[in-house]
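Colleague: Let's see this in three dimensions:
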Amino acid sequence: MSTEANGLHTLSRAQVEQFRRDGFLVVENLLSEDDMAAVRDRTDLIAGGRAPHVPDDCVQVEPGLRDGPLPEDRALAVRKIYKVAHYDDVMLAHVRNPRLVDVIADLLGSDDIKLYLDQILMKPAFHGSAQAWHQDSGSWRDMFPMDLVTAWCALDDATIANGCLWMAPGTHRWGMIPRHLQSDLQNSFVGQFEPVPVEIPAGGVSFHHSLVFHSSRPNTTPHRRRGSAVHYMRASTIKDETVTDAPKVPPFIQVRGQSFPGCV
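Modeller: Okay, here's the model as predicted:
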């Protein structure tokens, strides 16, 4: 691990400023072919039910396919795999990949980093649930400051047709919008910004702030779309134990650096 003269590991000052302005940043060709092959292969093993070391409740089938006959390859019907870095060495190595973590360190301004949660998000062919506009911190309400960063890694080309992310630039600066108001905003607030589709070739990574509004649309293609979403935070983050309706997540994994008493 090395730090350049500008105090950053890998990004330029302009890239960091772009992230601070827009709430997201795309870095193409960040993951190597070997990186992607390892995660793809392990994703298909887990999604196909061929990884007994991973609990069944880590795998979620696409809602639109649950009531009908599943394809012979069950992996083609899976929507989400999550919290697997706690059970699988390949996924843990992915979470700790220096190519990802160096960028995260630059964006968080810290080398003391923990994992909040890891997910593999898949959109099966001709299905792939849409995601309405939302802020990640709307769910992660027990984490302070609300300043987490997600690395969304394209394991397949992410396109408009197959349900890539859409971002609302600058909306992280609005702060946290209460969830009971977000449904009212779905139609009204979209006119306040120009949504940006984040199309990424396989191997590229989109980094986004936990307060930036983002969404995705269904997959209308005959091919599934796979992406890895790894959610990182500073090790100095505080968990508010009085919040009872936040997601129940496993113990936070140290990704880099040190831990601090009283923090996550």
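
Colleague: Contacts only, for the residue nearest to T221 when sequence neighbours are not counted.
Modeller: Leaving aside its sequence neighbours, T221 sits nearest to N162 (CB to CB, 6 or more residues apart in numbering; 4.7 Å). C-beta: built from backbone N, CA, C; applies to glycine. By CB atoms under 8 Å, 6 or more residues apart in numbering, the residues touching N162 are 123, 128, 156, 219-221, 223-225.

Colleague: try 6 Å this time
Modeller: Shown in contact with N162 (CB atoms under 6 Å, 6 or more residues apart in numbering): 219, 221, 225.

Colleague: For stretch 215-223, the averaged confidence score.
Modeller: Across stretch 215-223, pLDDT averages out at 94.

Colleague: how about that stretch: buried residues?
Modeller: Going by neighbour count (16 or more other CB atoms under 10 Å), the buried part of stretch 215-223 is 215-219.

Colleague: Now do that stretch: distance from first to last residue.
Modeller: 20 Å (CA to CA, to the nearest Å).

Colleague: same deal with stretch 130-147?
Modeller: 25 Å.

Colleague: is it true that the residue nearest to T221 lies in a helix?
Modeller: No - under DSSP: H, G, I helix; E, B strand; the rest coil, N162 sits outside any helix and is assigned coil.

Colleague: Tell me where this protein has strands.
Modeller: Assigned by DSSP state E, the strands in the chain fall at 24-27, 59-61, 78-82, 113-123, 131-134, 143-144, 149-154, 165-167, 196-198, 205-209, 214-216, 225-234, 238-239, 253-256.

Colleague: do you know which of those lies nearest R40?
Modeller: strand 225-234 (6.9 Å; CB to CB).

Colleague: got the angle for that closest one vs strand 113-123?
Modeller: Here strand 225-234 runs at 160 degrees with respect to strand 113-123, directions being taken by axes from the mean of the first three to the mean of the last three CA atoms, to 10 degrees.
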